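Q: Build me a model:
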Amino acid sequence: ASTALSAKNYLLRYEYIPDVLEKRGPYREGHLGLAKQFIAEGTCLSGGPTGEVGEEVPTGALFVFTEEEAAKKYAEGDPYVKNGIVTGYSIEEWNVVLQKED
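A: Residues are numbered from 1 along each chain as shown. This next block holds a predicted model:
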């Protein structure tokens, strides 16, 4: 069996303040820059805003990490968390059972 099919990832979920679009400005560059560092290191696979279907304002975000420690370090260093854009976050283990084969 392929080990890739049982690979463990870690989901970092954010909850945003309702007026995120108005207040994120000063912190957005740092937020994205930090994510790009983790992507470059290979510990963050993807990330982006989440929200209700059809709505323009995100209610949170979701990131996929390869290591639990990396997810924690990202959240602890993220300007969005430090400056109140994120009202809460959680880290969950995600056991990938099925995925598209290359």
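
Q: residue boundaries of the helices in the chain?
A: Under the criterion DSSP state H, the chain carries helices at the ranges 20-23, 25-41, 68-77, 79-82.

Q: For residue 96, find the nearest of those.
A: helix 68-77 (14.7 Å; CB to CB). Heads up, the C-betas are built off the backbone N, CA and C, glycines and all.

Q: Give me the contact list for the closest one.
A: Residues from elsewhere that reach helix 68-77, judged by CB atoms under 8 Å, 6 or more residues apart in numbering: 10-12, 34-35, 38, 41, 43-44, 63, 65, 81, 86, 89, 91, 93.

Q: Are any of those buried, and if so which?
A: 10, 12, 34-35, 38, 43-44, 63, 65, 81, 86, 89, 91 (16 or more other CB atoms under 10 Å).

Q: In this structure, which residue is most central in space?
A: residue 63 (2.3 Å; CA atoms, centre = their mean).

Q: Find the nearest non-adjacent residue to that residue, please.
A: residue 47 (3.6 Å; CB to CB, 6 or more residues apart in numbering).

Q: Show the contacting residues for that neighbour.
A: 12, 35, 61, 62, 63, 64.

Q: Mind checking which of those residues land in strands?
A: Of the contacts of residue 47, the ones assigned to strands by DSSP state E are 12, 61, 62, 63, 64.

Q: out of these, what pair is the most spread apart?
A: Longest distance between any two of the ones in strands among the contacts of residue 47 is 11.1 Å, between 61 and 64; criterion CB to CB.
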